[in-house]
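Novice: Show me how the following folds:
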Amino acid sequence: MRKPAGGSGHDDDTLHRTPSRLTRRIVSFNLIGLGLLVAGVLALNDFRGKLIELRTQALETQGEIIAITLAESAGRDDGSLGVDPPKAQVVLSRVIEPARVRAQIFDRGARLMVDTHLAAGHSGGVQTEALPASRFDDPEGPMAWIEGAGRFLRDMALGDTREPVATEILGGVARMQEVYAALGGAVARGERVNARGELIVSVSVPIQTLRKVHGALVLSTEGGDIDAIVRSERISILQVFLVALAVSVVLSVLLAKAIGRPIERLAQAALAAERGERGKRRIEMPDMSARGDEIGHLSGALKRMTDTLYQRLEATESFAADVAHEIKNPLSSLRSAVETLGYARTEADKLRLMKVMNHDVSRLDRLVTDISNASRLDAELVREDREPFDLSHLLTTIVEFTQPKAQERAVRIRDEAVDESLRMRGIEGRLAQVFVNLIENALSFSPEGSEIRVAAARGGDGRIRVTIEDEGPGIPDDNLESVFERFYSERPDTEAYGNHSGLGLAISRQIVEAHNGAIAAENIRPAGHDRRGARFVVELPG
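Specialist: Have a look, this model is predicted:
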């Protein structure tokens with residue numbers, strides 16, 4: 001089966017695929033933005049840094065208090081400088097165990113004396129039991145992957161500021177620089193990671209009485225303590241992200257449907273109009289102008305365009321039928337005259353028939369010329385540029401141009417255009433054609449001694465209203481609208497038949513409507529006259 005001309009065999013498939021593609025694109029774009037936002041929060045937020053700072057400050061305050069307590073309560077019994085390990089262990093067991101902090105005491109030679117992780121303390125042994133692994137602690141789980149990605153982005157942006165894994169004590173002697181700083185009488189801070197990659201924050205505080213340093217107290221967090229808090233925070237962020245992800249996907253799908261389905265309906269209607277699927281029935285474009293958005297504007301524009309195309313098609317069909325009818329009349333007359341010419345016996349009969357043939361040929365020539373001009377008018381009106389001009393000056397010029405012809409018929413043309421400038425934008429030559437045609441049409445129906453009045457003024461709505469009145473017989477009430485139809489011709493008895501094609505007023509309406517204006521005819525009764533006259537009203541945008 002042959003496909004319609006101008007169509008594509010994949011049009012229907014394309015229409016059905018378009019919404020899914022649009023949905024995927026909208027969802028992808030929203031997820032990319034959301035993913036980048038979450039990755040940035042995980043990688044670059046300073047929650048971890050603030051947490052370390054607060055934890056260090058707390059350790060420093062706690063260490064200073066414990067150091068004072070040790071200096072007062074854990075001194076040696078023999079009065080020598082230093083800290084008594086058993087006494088220090090008792091003090092630390094009372095203040096450290098509830099705080100989940102590791103405490104170490106180093107003597108003045110930086111040798112380890114007490115370590116709460118190595119001694120059970122006086123309160124007895126401490127039993128520990130590993131907690132069950134969380135699903136977020138899975139080394140191959142999503143949280144581990146997110147943490148790894150976050151560390152990578154953070155290291156790329158800020159650099160890795162953590163110290164590498166180092167041995168804290170070697171041969172019983174401290175290797176941490178902050179211990180030596182504390183033995184020198186200063187409070188020092190430190191950060192490092194253990195063998196499992198867990199962050200440890202420590203504070204070293206001197207144990208001293210007056211200015212004599214007895215040793216150094218090192219308080220440090222449990223391995224992974226801060227990491228657990230950071231992980232918990234990231235889990236919260238991840239949970240928010242998952243909720244936002246679900247909302248984003250749902251909203252993206254709804255948005256895609258709100259955009260894709262109307263566009264699909266418009267495309268299907270356009271394809272149906274292109275293929276003529278409904279035969280002689282007009283394809284109605286979906287009217288979505290009530291939406292008030294870009295799709296509504298598109299729907300309205302397509303609907304107006306489709307209506308205009310149908311009107312053009314209908315006008316073309318009607319025009320072709322009218323042209324055939326109008327041309328057939330002079331052709332029939334011409335054929336009859338040619339056939340009769342062979343039977344003419346006198347020169348007078350031959351001259352009369354020749355005159356008829358000349359008249360018919362002239363009429364055909366005029367018809368063809370006017371039809372050609374009318375058929376080209378739409379394209380020319382689209383191509384010609386609209387420029388600003390003074391309509392009042394144009395009307396005055398036209399009146400002066402037609403005065404001689406009016407004087408030959410003993411008719412006066414009075415210009416009642418206002419003195420002020422009536423500036424507008426349009427095709428000046430085409431509008432001049434309209435007003436010349438209306439004035440000459442009024443001349444055709446005006447009796448001797450009568451008057452034609454041409455007036456123009458700007459209304460309160462900003463539109464320009466031009467009126468052309470005559471004192472002729474007027475227009476039959478039933479024909480006030482049909483006078484603008486093509487090939488309508490009702491001429492006065494004083495004019496020979498066939499001198500007009502009947503396209504003048506139709507062309508005038510076409511030009512006026514191309515300028516977003518309107519033209520209408522009405523009857524009037526001039527003052528002091530029993531007969532009625534005709535008035536043509538042209539409204540144009542200012």
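Novice: Next, residue 425: secondary structure please.
Specialist: strand (DSSP: H, G, I helix; E, B strand; the rest coil).
Novice: pLDDT-wise, which helix or strand of the protein ranks last?
Specialist: In the chain, no helix or strand scores lower on mean pLDDT, DSSP states H and E than helix 142-158, which sits at a mean of 52.
Novice: which residues touch the closest residue to residue 84 other than its chain neighbours?
Specialist: Excluding the flanking residues, the one nearest residue 84 by CB to CB, 6 or more residues apart in numbering is residue 76, at 5.0 Å. (Each C-beta comes from the backbone N, C-alpha and C, glycine too.) When contacts are counted by CB atoms under 8 Å, 6 or more residues apart in numbering, residue 76 touches 82, 83, 84.
Novice: Now do the first one against residue 49, distance only.
Specialist: Meaning residue 82. 38 Å (CB to CB, to the nearest Å).
Novice: which residues in the stretch 251-400 of the chain form strands?
Specialist: Applying DSSP state E, counting those that start in this stretch to the stretch 251-400 of the chain gives strands spanning 387-390.
Novice: If we go by neighbour counts, what in stretch 368-375 is buried?
Specialist: Buried residues in stretch 368-375, defined by neighbour count with 16 or more other CB atoms under 10 Å: 370, 371, 374.
Novice: so what's the last one scoring on pLDDT?
Specialist: According to the prediction, residue 374 has pLDDT 70.
Novice: Provide a list of residues in contact with it.
Specialist: Each residue near residue 374 by CB under 8 Å, 6+ apart is listed here: 319, 486, 503, 506, 507, 510.
Novice: List just the nearest of these to residue 185.
Specialist: Lowest distance from residue 185 to the contacts of residue 374 (CB to CB) belongs to residue 510, with 102.8 Å.
Novice: ok so, going back, can you put the contacts of residue 374 in TSV and add distance to residue 533 and neighbour count?
Specialist: Shown next, in TSV, are the contacts of residue 374 (distance: CB to CB, whole Å; neighbours: other CB atoms under 10 Å):
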residue	distance to residue 533	neighbour count
319	31	18
486	25	21
503	23	26
506	22	22
507	23	20
510	25	20
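Novice: Out of the contacts of residue 76, who's the most crowded?
Specialist: Ranked by the number of neighbours (other CB atoms under 10 Å), those place residue 83 first, at 24 neighbours.
Novice: could you redo the buried residues of stretch 368-375 as TSV and give each row distance to residue 395?
Specialist: Formatted as TSV, those follow (distance: CB to CB, whole Å):
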residue	distance to residue 395
370	24
371	29
374	24
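Novice: Out of the contacts of residue 76, which one has the lowest pLDDT?
Specialist: residue 82 (73).
Novice: my guess is it contacts residue 107, does it?
Specialist: Yes - using CB atoms under 8 Å, residue 82 is in contact with residue 107, at 6.1 Å.
Novice: between these two, what contacts are shared?
Specialist: What both residue 82 and residue 107 touch, as defined by CB under 8 Å, 6+ apart, is the set 214, 215.
Novice: Please report the residue range of the longest helix in the chain.
Specialist: When the chain is scanned for its longest helix (criterion: DSSP state H), the result is helix 225-275.
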